[in-house]
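Q: Okay, sequence plus prediction incoming.
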Amino acid sequence: MYKTSIDQWLVFTTIIETGGFNAAAEKLHRSQSSISYSISKLQEQLGLKLFIQNGRKMRLTVEGERLREEIAPVLKEFGRIESVANMLASGVESRICLLVDSIFPRQLLFKAIHLFNQQYPNTRVELYDMIRLSPSEHVQFDMAICTSTNGLVSGDKIIDIELYPVAHPNHPIFNHQPIHRQELSHHVSVRFQNSHQIQGNEPMRKGEYWLVNTLEAAASAVRNRLAYGWLPMEVIRQDLEQKTMALLQLEDRFKSIIPLYLIAGDNGICGPASAFLKQVIFQVCQNRESLINE
């Protein structure tokens, strides 16, 4: 059982903020006598004097100053808890589990979450990043940005991600440029471990590829001349500028496009926070060029 109450500490901090008992009473819509009684009782329960008279104003004692520093974050957290309770009572989700395919541009993802947090600061977005994510992964989620398996997906397409063929500038693959896509099978490639499709659709023979499970691992393999690979521009842009990677010139100018979709979870529940998150994800995808070039 606690000796003091949140209300007493609220009165205490309000007196500090307003500079006196009269102003605190006015701000809290209470009588001055109730404010005086609350502080008198708080000091009695603590066995400490919190204020001393300084003319017409009240001044904190050394102990009062220390307790002011201690109680400020407690009251802030209490206010947050009440906000969460109000949110739950109104039907707003307390958390959203968002699965995201790793090839979805991070800049767009973080912009969407930033916009979401401004509108729903008390709803926690739990982010799970997976390479080559598809709805068939059987993972529990509320919303997912994913690829399609065999063209079947119950969601809206939000963006196309182009993958570019790259290798280290000193890789033997550059001895014959431009190169026909069919000839890529003569060189080791880097591929994603749970890939649902072959990047670039070029022929592949067992033993002629590295299996990785992250985009960074794939980029590192290319950077270290172990393989060539198909990677999104967001991942390779800096390497191209620093000349640690170079684009392959294909004779048929083939393009590898991966469409990504936004789908709802199995429970089908879409509260106001989920609906807003979906809206801002669509928004950042529509403004992709301007956001990425910021």
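A: Looks like it arrived, so ask away.
Q: Count the neighbours of the nearest residue to residue 49 once chain neighbours are set aside for me.
A: Counting by Cβ to Cβ, 6 or more residues apart in numbering, residue 61 is the residue found nearest to residue 49 once chain neighbours are left out, at 5.5 Å. Glycine gets a C-beta too; all of them are placed from N, C-alpha and C. The tally of other residues near residue 61 (other Cβ atoms under 10 Å) stands at 14.
Q: Check whether residue 222 really touches residue 167, as I assumed.
A: Yes. With contacts counted by Cβ atoms under 8 Å, residue 222 reaches residue 167, the gap being 6.1 Å.
Q: joint contacts of these two?
A: Both residue 222 and residue 167 are in contact with 228-229, 245, where contact means Cβ atoms under 8 Å, 6 or more residues apart in numbering.
Q: Could you list the low-pLDDT ranges of this protein?
A: Within the chain, the ranges that satisfy pLDDT under 70 run 87, 132-139, 149-154, 194-207, 266-269, 292-294.
Q: From residue 80, how far off is residue 89?
A: Separation of residue 89 from residue 80 (Cβ to Cβ, to the nearest Å): 15 Å.
Q: related to what we said a few turns ago, which member of the shared contacts of residue 222 and residue 167 is positioned nearest residue 85?
A: residue 229 (49.4 Å; Cβ to Cβ).
Q: May I see the buried residues of the helix or strand in which residue 166 is found?
A: Element membership for residue 166 (DSSP states H and E) is strand 155-167. For strand 155-167, the neighbour count (16 or more other Cβ atoms under 10 Å) marks 155, 158-159, 161, 163-167 as buried.
Q: Quickly check these for the two that are furthest apart.
A: 155 and 167 (34.0 Å).
Q: which residues touch residue 166?
A: For residue 166, the contact set (Cβ under 8 Å, 6+ apart) comprises 222, 228-231, 236, 239-240, 245-248.
Q: could you redo the residues you listed as CSV and give each row secondary structure and distance to residue 38?
A: As requested, those are exported to CSV (DSSP: H, G, I helix; E, B strand; the rest coil; distance: Cβ to Cβ, whole Å):
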residue, secondary structure, distance to residue 38
222, helix, 68
228, strand, 73
229, strand, 68
230, strand, 68
231, strand, 64
236, helix, 64
239, helix, 64
240, helix, 66
245, coil, 68
246, strand, 73
247, strand, 72
248, coil, 75
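Q: Narrow these to those that are buried.
A: Looks like those have 222, 228-231, 236, 239, 245-246, 248 buried, using 16+ other Cβ under 10 Å.
Q: where along this protein do the helices fall?
A: Taking DSSP state H as the criterion, the chain carries its helices at 6-18, 21-28, 32-46, 62-89, 106-119, 215-223, 233-242, 272-286, 288-292.
Q: In TSV: those helices, plus distance to residue 144.
A: TSV is the format used below for those (distance: least, Cβ to Cβ, whole Å):
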stretch	distance to residue 144
helix 6-18	40
helix 21-28	47
helix 32-46	51
helix 62-89	23
helix 106-119	12
helix 215-223	18
helix 233-242	19
helix 272-286	11
helix 288-292	19
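Q: Same question for stretch 9-22: list its buried residues.
A: Using 16+ other Cβ under 10 Å as the test for burial, stretch 9-22 gives 9-12, 14-16, 18, 20-21.
Q: Contacts for that stretch, please.
A: Under the contact criterion Cβ under 8 Å, 6+ apart, stretch 9-22 has outside partners 23-24, 26-28, 32, 35-36, 38-39, 42, 50-51, 56-58, 60, 67-68, 71-72, 74-75.
Q: that older thread, residue 172: which of the contacts of residue 166 is nearest?
A: Nearest to residue 172 out of these is residue 228 (Cβ to Cβ; 9.9 Å).
Q: Hmm, that closest one is touching residue 165, no?
A: Yes. Counting by Cβ under 8 Å, residue 228 touches residue 165, with 6.4 Å between them.
Q: anything in contact with each of these two?
A: 184, 248.
Q: State the phi and psi torsions of the residue lying farthest from the centre of the chain.
A: The centre of the chain is farthest from one residue, residue 55, which by Cα atoms, centre = their mean lies 52.1 Å away. Main-chain torsions, residue 55, degrees, to the nearest 10: phi 70, psi -130.
Q: residues in contact with it?
A: Listed by Cβ under 8 Å, 6+ apart, the contact set of residue 55 is empty.
Q: before we move on, what about the one 5 residues further on?
A: Going by Cβ under 8 Å, 6+ apart, residue 60 touches 16, 50-52, 68.
Q: Just the buried ones from the residues you listed?
A: Those of the contacts of residue 60 that meet the buried threshold are 16, 50-51, by 16+ other Cβ under 10 Å.
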